[in-house]
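> Fold the following for me, if possible:
(2 chains)
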Amino acid sequence: MFYCEMTQELSKTYEPKDVENKWYSFWLEKGFFHADENSDKKPYTIVIPPPNITGSLHMGHALNNTLQDILIRWKRMSGYNALWMPGTDHAGIATQNVVEKQLSNEGTNRHAIGRDKFIERVWKWREESGGTIIRQLKRLGSSCDWDRERFTMDEGLSEAVKEVFVRLYNEGLIYRDNYIINWCPRCHTALSDLEVDSVDTTGALYHIRYPIIGSKDAVVVATTRPETMLGDTAVAINPDDKRYKNVKGKKLFLPIANKEIPVIEDAVVDMEFGTGAVKVTPAHDPADFEMGKRHNLSQIVVIDDSGNMTAEAGGKYKGMKREECRKEIVKQLEEEGYLIKKEAHQHAVGHCYRCRAIVEPLVKLQWFVKIKPLAEEAIKAVEDEKIRFIPKGWENTYFEWMRNIKDWCISRQIWWGHQIPAWYCCDCFGDKITIFSHDKPSGTSYTALRKSGKTHEEILGSVDRCIIDKSVEPIVSKGKPKCPKCNGSNMIQEPDVLDTWFSSALWPFSTLGWPQKTKELSAFYPTDTLVTGFDIIFFWVARMIMMGLKFMNDAPFKDVYIHALVRDAEGQKMSKSKGNVIDPLIMIDKYGADALRFTLSAMASPGRDIKLSEERIEGYRNFCNKLWNASRFAMMNIDKDFKAKTIDSQNLFDKWILSRLNRLTKDTTEALKGYRFDEAANGVYQFIWHEFCDWYLELIKPVLNKKEDADKVAMTQTVLIHVLESSLRLLHPFMPFITEEIWQRLPRFGEAASISSIMTAPFPVVGDKLIDNRIEDEARLLQDAISSVRNIRGEMNIKPSVEIDVLFKTADENRADFFKEYTDYIKFLTRAKGVKIGTDIEKPKMSATGILKDMEVYIPIEGLVDFAEELSRLQKEAEKIKKEIEFVNKKLGNQDFVDKAPEAVVIKEKEMYKEFAEKLSKIESGIRKIEALKT
RNA sequence: GGGCGAUUAGCUCAGUGGUAGAGCACUGCCUUCACACGGCAGGGGUCGUUGGUUCAAUCCCAACAUCGCCUACCA
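Prediction:
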């Protein structure tokens, strides 16, 4: 065999850089990531939360994808047909903004180049830059089925979008209406409620006098947005508000605008807030919009699409920015004596989640999904536990939102995205279709343009934006239809595109080929687990559930694992502007992907954010190195012609490590089943470092060095390799690279001989018979004895180079015989020159004493240390024991405890008392002996 | 305003109705033939505060405090 020669080449430290690319390419070449839709194996599917093509890998992605990869690799090794479906999201607004910025740098803009050219530019950008995050996911080791990679703007996925839109429309679940929506005056598009970030802001509450017509009195309204008063059409009071009893039915004078508005009564008005009187601006406030509808108020639009004041706002203010207008209005109110006061006021201000501009509520004709019927099913699916949230607490968040859900505004006034498959007949409704072209931004009706001699195609070619009146009937169809009225084909397609989340809502089935009836779909849908952050439960998870239930008649996944947010070491959200970002790619370069992955999984305890620090990653890099060196040791100690034996070792420590390994296998599997990535990772870490390395490797050194018993050596080597190899397989989902690197160098026997990669090797299965409590207890006795000797050495500063004698006095012969068997081990691990064991051991006059259960340890210290040191050590020990005795005594002295506590607990306490008491008396006798010697 | 979560060793976090655990950091000793990205040993906590339930509370309950997050038509 050749691996022993290779061993010589193993460097003393693990170098991830050399290893990671090599194995990732190997896995790809072998097609190990690919899931076969024709496989008979049980499927296990995860769809990736598609990252934005504009994005680059941050720690959140790193965590999210590490966890998915752990699940997928674990399931794949466990014999499942594991599919991890990857892809990216076209991120409408974000991507459009990126490309628009590019154009702006080139001194042009999308309106100048036109819609078609612009879309071409976006695709071009996508070809060049959209793959960044995918490459980065590969660096992390993600074992996605890249052959199946999808993009939300793919042809197939676009087909799914159209299909869904048409079907929802035909069922009346999509409609087009005028409604007050969130408008971003910078992106120039509508946003859904979710796409608005509320930011707590200290603003001002202005108290303004609105004089009562025919009276000297006035009603004082309180508002944070005085500039909207130009669009006021009423003042509302609560019908129960006694303060305003006398103004009911009166008219008020609206300052500046110089007109009369009515007082209306509406129960929604909060008497406690402000003055209890609210100015009502139906065109610019969601609450006022609703009120306006209830009271038949007109909508006066005073703010335009760019956030500037309109002509309706009045001559002086026309064209002014809304912020500037506010200042001017306040100034004028002050001058004219209408401003009563201005007070500081905390309130939430909506910002565009893509560009941070302050959102303006505007009334616009938009497309909506009637969401209640879909939400009801989605709520039921979680209530009926068809879908499980982990941790369970998130179900409440989900229910809360779903039960108060409002219709979803799905139309966006941008160009990059799925254009809504709705059409309008230009021949029937040409006069109600207003075309805005780049060179004629004021807008002309379609009919007028035709009359001016332009052809239909010429008009469509010049459209920059258009307004289609609400009265124009849309024809919703996947392809361009003919007009059912006039049979004409001069159609104009709805210019708006769909919310990006509309297409990502279909991701679990659209990526598998829906609406085609594909093999993939029947093989892999419904998927098993969705792994994501809580920040997109509403955006994405809830909507996937609704769409999955609606179109597949089945929930899109069974488990939703919600992981934490990754923050910096101070608990701050990582952001570029704060400069506290820990870049996962830099960490991978520095410490290796395995170290980063392991850090994230070990810290992924449920329900708590991860405060990441670089030291932590360094620590797990050290773990990689530890594993590396343990493996080097193993390989150095294997014969060139090593042949594995059948494992039936009679050696205590072999049996011990096998028992521990199997316990670990059981615990790790349980932890993974429960999505306890932290417990799984920590368990493997603990085992490899503190049991396998600290104890087992040390314990077998005396065996391996004693070459005479070849059978024994071969058995130990077999166990050694077996345990190492199994540990590697347990660890592989967490640390794919280093485990493969080591695994490939190990001699393989049995079934493993024919397997070409650890990632296709079976995940260890627990052998319950090998878990042996008695063996573990026996090993523990020896370990405790060895630790006790080492403790004395350490405490008394006996240097490792000084060889000592160790004496064990046991309570009975059995124990003595048992210990005698392991003299060599004890010698080696305590660096002793002689070990004596027996029931009749006399304590040497000048010796240090260690007290164990049913056993005492003596180390002659004559000439090594002075008595004072040993005396103070024993006294310290005695103090400790006394405290414990006091504690137990208090309990046992309590009659209620003895009467009411379970018997087993009482017995345990009594035994403890006995043990402590014995220990104390031994220590005290030791103290007396030393004191006697001193005098 | 409503909801949720957190508060445990210097730091970051596990955890359990029956005398508190890990990693890092810290202290001492050690260049012992896998590993100084290491070994051995050690120090360190009235488990946020106050009540209650219980034989027993860090854990269950209630209030409070501090911090964080989500959500909302307080204009």
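> now the end-to-end length of stretch A:752-769.
End-to-end distance for stretch A:752-769: 22 Å, by Cα to Cα, to the nearest Å.
> Let me know the helix or strand that the residue of the stretch 701-850 of chain A found nearest RNA strand B is in.
Per Cβ to the nearest atom of the strand, A:Gly794 is where the stretch 701-850 of chain A lies closest to RNA strand B, at 2.7 Å. For glycine as for every other residue, the C-beta is placed from the backbone atoms N, C-alpha and C. Element membership for A:Gly794 (DSSP states H and E) is helix A:773-795.
> Please name the residues that touch A:Met846.
Applying Cβ atoms under 8 Å, 6 or more residues apart in numbering, we find A:Met846 in contact with A:860-862, A:867, A:933.
> ignore the last one, A:Ala714
The contact partners of A:Ala714, by Cβ under 8 Å, 6+ apart, come to A:639, A:642-643, A:645.
> tell me the phi and psi of it?
Phi and psi for A:Ala714, reported as degrees, to the nearest 10, are phi -60, psi -40.
> where along the stretch 551-700 of chain A do the helices fall?
With DSSP state H, counting those that start in this stretch as the criterion, the stretch 551-700 of chain A has helices at A:584-591, A:593-602, A:614-636, A:652-673, A:677-686, A:698-705.
> thought A:Gly276 was touching A:Arg243?
Yes: between A:Gly276 and A:Arg243 there is a contact under Cβ atoms under 8 Å: 6.3 Å.
> higher neighbour count, those two?
Between A:Gly276 and A:Arg243, counting by other Cβ atoms under 10 Å, A:Gly276 is the more crowded of the two (20 against 13).
> The contacts of A:Ala714, buried ones only, as a PyMOL selection?
To isolate the buried ones among the contacts of A:Ala714 in PyMOL, judged by 16 or more other Cβ atoms under 10 Å, type:
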select buried, chain A and resi 642
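> could I get the contacts of A:Ala714 as a markdown table with pLDDT?
Below are the contacts of A:Ala714 laid out as a markdown table (pLDDT from 0 to 100):
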| residue | pLDDT |
| --- | --- |
| A:Asp639 | 76 |
| A:Phe642 | 80 |
| A:Lys643 | 79 |
| A:Lys645 | 81 |
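> which one of the contacts of A:Ala714 is nearest RNA strand B?
Among those, A:Asp639 lies closest to RNA strand B (Cβ to the nearest atom of the strand), at 15.2 Å.
> List of residues touching stretch A:326-335?
Residues outside stretch A:326-335 that contact it (Cβ under 8 Å, 6+ apart): A:206, A:208, A:225-227, A:229-230, A:255-256, A:316-317, A:320, A:339, A:342.
> one more time with 6 Å
Defining contact as Cβ atoms under 6 Å, 6 or more residues apart in numbering, one finds that stretch A:326-335 is touched by A:226-227, A:256, A:339.
> cool, stretch A:483-498 as well?
Contacts for stretch A:483-498 (Cβ under 6 Å, 6+ apart): A:410-414, A:417-420, A:422-428, A:456, A:466, A:480, A:482.
> can you pull the buried residues of that stretch?
A:483, A:490-498.
> Could you do stretch A:534-542 as well?
For stretch A:534-542, a neighbour-count test (16+ other Cβ under 10 Å) marks A:534, A:536-542 as buried.
> What parts of the stretch 101-250 of chain A come near RNA strand B?
A:193-194, A:198, A:200, A:205, A:222-225 (Cβ under 7 Å from any atom of the strand).
> and the least confident of these?
Among those, A:Asp200 has the lowest pLDDT, at 82.
> Tell me, how many residues neighbour that one?
Burial measure for A:Asp200: 8 neighbouring residues, criterion other Cβ under 10 Å.
> SS state for it?
Secondary structure, DSSP: H, G, I helix; E, B strand; the rest coil: A:Asp200 is strand.
> How about the backbone phi and psi for the residue nearest to it when sequence neighbours are not counted?
The shortest distance from A:Asp200 to any non-neighbouring residue, by Cβ to Cβ, 6 or more residues apart in numbering, is to A:Ala348 (5.7 Å). Backbone torsions of A:Ala348, given as degrees, to the nearest 10, read phi -90, psi 130.
> same check, this time on A:Asp116
When read as degrees, to the nearest 10, the backbone of A:Asp116 gives phi -60, psi -50.
> on that earlier part again, filter the contacts of A:Met846 down to just the buried residues.
Buried members of these, counted by 16+ other Cβ under 10 Å: A:860-861.
> what subset of the contacts of A:Met846 is also close to RNA strand B?
For RNA strand B, no contacts are drawn from the contacts of A:Met846 by Cβ under 7 Å from any atom of the strand.
> Mind checking which of the contacts of A:Met846 are in strands?
A:Pro860 (DSSP state E).
> who are the neighbours in contact with A:Val196?
A:182, A:350, A:359.
> okay, the residues you listed in TSV with secondary structure next?
Output for the contacts of A:Val196, formatted as TSV (three-state DSSP):
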residue	secondary structure
A:Asn182	strand
A:Gly350	strand
A:Val359	coil
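> any idea how far the residue lying closest to A:Arg150 once chain neighbours are set aside lies from RNA strand B?
Closest residue to A:Arg150 apart from its sequence neighbours, by Cβ to Cβ, 6+ apart: A:Gly87 at 3.8 Å. The span separating A:Gly87 from RNA strand B equals 25 Å under the rule Cβ to the nearest atom of the strand, to the nearest Å.
> who touches A:Gly87 in this structure?
Each residue near A:Gly87 by Cβ under 6 Å, 6+ apart is listed here: A:50, A:149-151.
> hmm, which two among the residues you listed are most spread apart?
Spanning the widest gap among the contacts of A:Gly87 are A:Pro50 and A:Glu149, at 9.9 Å by Cβ to Cβ.
> since we're on the closest residue to A:Ile775 other than its chain neighbours, how many residues are nearby?
Distance criterion Cβ to Cβ, 6+ apart; nearest residue to A:Ile775, sequence neighbours excluded, is A:Lys655 at 4.7 Å. Neighbourhood size, A:Lys655 [other Cβ under 10 Å]: 21.
> pLDDT score assigned to A:Lys655?
Looking at A:Lys655, the pLDDT reads 95.
> re earlier: who has more neighbours out of A:Pro50 and A:Glu149?
Remark: of A:Pro50 and A:Glu149, A:Pro50 carries more neighbours, 24 against 17, as counted by other Cβ under 10 Å.
> Checking the more buried one next. Helix, strand or coil?
With three-state DSSP as the basis, A:Pro50 sits in coil.
> just A:Ile927 next, same as before
Three-state call for A:Ile927 (three-state DSSP): helix.
> burial measure for it, as a count.
Counted with other Cβ under 10 Å, A:Ile927 comes out at 17.
> residue contacts, it?
Counting by Cβ under 6 Å, 6+ apart, A:Ile927 makes contact with A:Leu874.
> Pull up the gap between it and A:Lys880, please.
Distance of A:Ile927 to A:Lys880, computed by Cβ to Cβ, to the nearest Å: 14 Å.
> which element is A:Arg356 on?
Using DSSP H and E, no helix or strand contains A:Arg356.
> residues near it, how many?
12.
> Could you pull up phi and psi at it?
phi 70, psi 0.
> Then A:Asn396?
Reported as degrees, to the nearest 10, the phi and psi values for A:Asn396 are phi -60, psi -40.
> Cool, thanks, talk later.
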